[in-house]
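Chemist: give the three-dimensional model of this entry:
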Amino acid sequence: MIELPNIYPIFRRELRSYFNSPIAYVVIVVFLAIIGWFFTSNLFLINVASMRIVFELVPLIFLFFVPAITMGLLAEEKKSGTLELLTTKPVRDLEIVLGKFLAAWVLLAAALAPTLLYVFTLMPLGDIDLGPVITGYIGLLMMGGVYIGIGIFASSLTENQIVAFIATFLVVLGFYLMDKVLIYAPEGFASTMEFLAIDYHFSSIARGVIDSRNIIYFVSMLGFSLLLATASLERRKW
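Modeler: Numbers count the residues shown, from 1 in each chain. Have a look, this model is predicted:
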């Protein structure tokens, strides 16, 4: 049975460690600077008042942003030996994984939150359909959650943060590109690749369509990645 009182201290400690070091601030500033540059260029140079550029760009930035914030979640704990100290407490491996996942997810949401200012900037310039904007942010949070789950799993496999970063980047890049290389897929396998492609499901949600198949995909991918991370942690007991 998962106990929230066991998850919260891990979540709080991990979140505090992000903001007690320059990592969170540097990553968030770079994240917002890149998005801000393309958004303002799209708005003033091309004269297009739309959030589409944000929803097209953020998934690309996530490919680097998420590995950067997840690479040390378990790898550093294993290298320093603090993971063994943590597991001596009455806490389950799944609770450790969930606490760290929630901390990284909150950091990701904190990075996304300032981009809401773009919505308010566009409102006076034209009629903004808030439906796709709201679902777009929901899609980004779900996509980011899946990436974080994959990053935690990769971090659980090694003590080297660079290895964890590269492994996470390669896996999430593969899921991102899967629906973009369908012409090279063997006949009969293209539909499977399309369903596994994370950007295929995100694009559907970002258009304002909340389909149960997309929700099931994200929840399943997230749950599977967190279970893999938990199983990886439990290997030390075997």
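Chemist: the helices in this protein, which residues?
Modeler: 4-19, 22-40, 52-70, 75-80, 82-87, 93-112, 116-122, 130-156, 161-177, 190-196, 198-206, 212-234 (DSSP state H).
Chemist: so where's the chain uncertain?
Modeler: For the chain, applying pLDDT under 70 flags the ranges 1-4, 43-50, 84-89, 126, 236-238.
Chemist: rewinding a little: so which of the helices of the chain is nearest residue 183?
Modeler: Proximity to residue 183 (Cβ to Cβ) singles out helix 190-196 among these, at 8.3 Å. Where C-beta positions appear, they are placed from N, C-alpha and C, glycine not excepted.
Chemist: need the residue closest to the centroid of the chain.
Modeler: Closest residue to the average C-alpha location of the chain: residue 144 at 2.1 Å, with Cα atoms, centre = their mean.
Chemist: just to check, that residue is in contact with residue 110?
Modeler: No. Applying Cβ atoms under 8 Å, one finds residue 144 not in contact with residue 110, separated by 11.4 Å.
Chemist: neighbours of the residue nearest to the residue nearest to the centre of the chain when sequence neighbours are not counted, how many?
Modeler: Nearest residue to residue 144 in three dimensions, chain neighbours excluded: residue 108, at 4.5 Å (Cβ to Cβ, 6 or more residues apart in numbering). Applying the criterion other Cβ atoms under 10 Å, we find 25 residues in the vicinity of residue 108.
Chemist: distance of residue 169 from residue 147?
Modeler: Counting by Cβ to Cβ, to the nearest Å, the separation of residue 169 from residue 147 is 10 Å.
Chemist: likewise for residue 82?
Modeler: Distance, residue 82 to residue 147, using Cβ to Cβ: 24 Å.
Chemist: same check on residue 100?
Modeler: From residue 100 over to residue 147 (counting by Cβ to Cβ), the distance is 14 Å.
Chemist: next: residue 14.
Modeler: Residue 14 sits 17 Å away from residue 147 when distances are taken as Cβ to Cβ.
Chemist: compare these two (neighbour count), which wins?
Modeler: Neighbours of residue 14 and residue 147, each counted by other Cβ under 10 Å, are more numerous for residue 147; the result is 30 against 21.
Chemist: doesn't residue 172 make contact with that one?
Modeler: Yes. Between residue 147 and residue 172 a contact is recorded at 5.0 Å, counting by Cβ under 8 Å.
Chemist: so what sits against both of the two?
Modeler: When contacts are counted by Cβ atoms under 8 Å, 6 or more residues apart in numbering, the set common to residue 147 and residue 172 consists of 62, 66.
Chemist: you'd agree residue 107 is up against residue 21?
Modeler: No. The criterion here is Cβ under 8 Å, and residue 107 misses it with residue 21 at 11.8 Å.
Chemist: next, give phi and psi for residue 81.
Modeler: Reported as degrees, to the nearest 10, the phi and psi values for residue 81 are phi 90, psi 0.
Chemist: burial of it, as a residue count?
Modeler: The local packing count at residue 81 equals 9, with neighbours defined by other Cβ under 10 Å.
Chemist: do residue 66 as well
Modeler: Neighbours of residue 66 under the rule other Cβ under 10 Å: 27.
Chemist: one more: residue 234?
Modeler: Here the count is done by other Cβ under 10 Å, and residue 234 has 14 residues near it.
Chemist: quick check: the gap between it and residue 55.
Modeler: From residue 234 to residue 55 the distance is 37 Å (Cβ to Cβ).
Chemist: now do residue 204
Modeler: 12 Å.
Chemist: those two: which has the busier surroundings?
Modeler: Each of residue 204 and residue 55 has its neighbours counted (other Cβ under 10 Å); residue 55 has more, 22 against 17.
Chemist: neighbour count winner among residue 107 and residue 21?
Modeler: Neighbour tally, residue 107 and residue 21, criterion other Cβ under 10 Å: the higher count belongs to residue 107, 24 against 10.
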